[in-house]
Structures are given as structure tokens and as C-alpha cells.
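Chemist: Sequence plus the predicted model coming up.
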Amino acid sequence: MNILKKDRPQPCFSKASNCYEASSDLQKRIGLDLINRISNDNLYSFILDIGMGTGWLTEKIGVKFPEARLFGIDFAPGMISQAQGKNIDYVLRADAQTLPFKDGFFDLIVSNCAYQWVPDLSKAFSSACRVLRGSGDFYFSCFGKSTLKELQASLESVSKDLVFRDGHWEDIDVNNIFNRLESNGFKDIEVESEVIKIKFVDMISLIRWLKVIGANQVKRNVFIGRDLLSEANAFYMKNYADGESVYASFEIIKTRARK
Ligand SMILES: C[S@@+](CC[C@H](N)C(=O)[O-])C[C@H]1O[C@@H](n2cnc3c(N)ncnc32)[C@H](O)[C@@H]1O
């Protein structure tokens, strides 16, 4: 049994758009680290944020590079509505795999916590490379395959068929990302991984939080069944306890490349 939603992930992100910013401390921490990795010495005229969500990071990049024209894309209509209220020059609804811009248009492309949702990463990197000018910079962070491994193991402990994540997450590690960037036109590639552990009261509160930020792909209790869910929760509490709470791992893949 696959418990992923069929219509993922766009409707989840649209529903989450209203309360996303208040609940997305982790994404903010990763996004601020991404901004800090971009050198102040560079002069950028056209910047694109891919999967910008509410546009909070796009706006901050505009503060760092005030002369640049800022473009942001996302494919969830709810996120687009939120981003339209921000100080961003162009907000467009588009898919990261088929960017609707001219060849060589941007000097800098950034993306935070979005590529793990993109089904065809080679297509997405090839599209980013096409719209980047020669020697343009590409910085992104996304979640890697060790993310939420405790949740996956707990769900599997009650049924081998329960699948929490989309299949392509399994491909997101340092080597795969490096190779895909290289084979899609990038050079001077640096990829690193960092694992962050975050505490939650229990597995159920972790799933609730994932739902609030739009990242919960698990179907409602009715499909998993309350009994199975509490069995999985007990497995989680037993194996991944941290004092009174439990922890969840998030693997952050941090990347920098040049065209
Ligand atoms: C976790 S949110 C991150 C948003 C924002 N970058 C941030 O740092 O808060 C992931 C975003 O990626 C968007 N997204 C996922 N797949 C996409 C795709 N194929 N094309 C464009 N946007 C996509 C989602 O709609 C969502 O807004």
C-alpha cells in the first residue's frame, strides 16, 4: 500500500501557504544559511528563486542585492498569492522542470527546500542551466534522503508497504546531486550534507507539523488506521527518544555550482 497522496505536492503547499511562514523555522534557518553562503562581492542584475514559496527568502536576497531585479517562481497558487504581497519584481506560477525564461537570462539562481519535491531533477537542473548566463551562479539547499528516516522506519515497522516519501527522495545524496549537476552543464560544483536533529513531543506531533508546512504526504488516519498509527508512534517513542521527546533527522544538501 502506498500512502502517498496521488495529487501531491502542489495542493498541500497551496493549503499550507497561509500558515507556512509561522511554522517554517527549519526552512528559514536553512534559507538564511544559503544567503550567507553567497558572496557579497558579486554583482547580480537578474536573480531567480525557484520554488520560492511565500517569497520570504526572495525578499531577503533583494535586501542583500538591492540593485538586482528579483524573479520568483512556484507552482502552488496559494504560495503565489502570498509572494505577490512581497517586494519581488516578478512572481510567476511555473514548474521548476520547465522554466519559462529566455536562455542565459539570470546571473544568479537560488532555491531553498524545494528540489526534493521535483520529480525529474535532471530536467530541472538542465532547465536552470539553460536560463543561467555563462559563469552565472547556482546556489540551492534541499532535503536529502536521510530526512525523516525515523518516521519512515516507524511506519515500515507496522507495515512494510507503508511509504512516507516520494520515490525520488531516495536519489538525493551528495554524489547523485553532484553527478546530475555535472551532466546537466554545471562546473565548479560543491555539494555537502549536514544532518540536523529536531525534537518533537511524539510522532503524531511531527506528522501534524509536516501537515502545517504542507510537506505531509501521509494520507488521513482513515487510510492508515488509528491502530497502525499508534503502533508506529509507540515504535518511534521507543527507538528515537530524546529525554521526554523524540527526535527527527533532516539531511540538508547544500550546493553551489557555476555554469
Ligand atoms: C518547503 S517549500 C519552500 C519554500 C521556500 N523556498 C522557503 O524557503 O520557505 C517548497 C516549495 O517548492 C514548491 N515546489 C515544489 N515542487 C515544485 C516544482 N516542480 N516547481 C515549482 N515549485 C515547486 C512548493 O509549491 C513549495 O512552495
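Modeler: Received, thanks.
Chemist: Please make it C-alpha for all contacts and neighbour counts, starting now.
Modeler: Will do.
Chemist: Regarding residue 124, what is its secondary structure?
Modeler: helix (DSSP: H, G, I helix; E, B strand; the rest coil).
Chemist: And the nearest residue to it once chain neighbours are set aside, what's its pLDDT?
Modeler: Among residues not flanking residue 124 along the chain, residue 97 sits closest, at 3.9 Å (C-alpha to C-alpha, 6 or more residues apart in numbering). Here, the pLDDT recorded for residue 97 equals 97.
Chemist: List the residues that contact residue 97.
Modeler: Residues in contact with residue 97, defined by C-alpha atoms under 8 Å, 6 or more residues apart in numbering, are 118, 120, 121, 123, 124, 125, 127.
Chemist: So it versus residue 256, what's the distance?
Modeler: Separation of residue 97 from residue 256 (C-alpha to C-alpha, to the nearest Å) stands at 19 Å.
Chemist: before we move on, what about residue 169?
Modeler: Taking C-alpha to C-alpha as the measure, residue 169 falls 19 Å from residue 256.
Chemist: just residue 179 next, same as before
Modeler: 13 Å.
Chemist: who's more crowded, the two?
Modeler: Neighbour totals were compared for residue 179 and residue 256, and residue 256 leads with 22 against 13 (other C-alpha atoms under 10 Å).
Chemist: My read is that that one contacts residue 190, right?
Modeler: Yes: using C-alpha atoms under 8 Å, residue 256 makes contact with residue 190 at a distance of 5.2 Å.
Chemist: Up against the ligand, what does the protein have?
Modeler: In this structure, the chain approaches the ligand at residues 10, 13, 27, 31, 51-53, 57, 74-76, 79, 94-96, 111-114, 117-118, judged by C-alpha under 6 Å from any ligand atom.
Chemist: Sitting in strands, which of those residues do you find?
Modeler: Using DSSP state E, the members of those that fall in strands are 74, 111, 112.
Chemist: I'd say the second one and residue 53 touch.
Modeler: Right, residue 111. No: using C-alpha under 8 Å, residue 111 makes no contact with residue 53, being 10.0 Å away.
Chemist: what about the two, which has more around it?
Modeler: residue 53 (30 against 25).
Chemist: so how many other residues sit close to residue 225?
Modeler: Here the count is done by other C-alpha under 10 Å, and residue 225 has 11 residues near it.
Chemist: Which residue comes closest to the residue nearest to the spatial centre of the chain once chain neighbours are left out?
Modeler: For the chain, the residue nearest the mean C-alpha position is residue 113 (2.2 Å; C-alpha atoms, centre = their mean). Among residues not flanking residue 113 along the chain, residue 142 sits closest, at 4.3 Å (C-alpha to C-alpha, 6+ apart).
Chemist: Was I right to think that neighbour contacts residue 115?
Modeler: Yes: at 5.7 Å, residue 142 counts as touching residue 115 under the criterion of C-alpha under 8 Å.
Chemist: Give me the distance between the most far-flung residue of the chain relative to its centre and the ligand.
Modeler: The C-alpha centroid of the chain is most remote from residue 227, which lies 30.8 Å away (C-alpha atoms, centre = their mean). Remark: distance between residue 227 and the ligand (C-alpha to the nearest ligand atom, to the nearest Å) = 29 Å.
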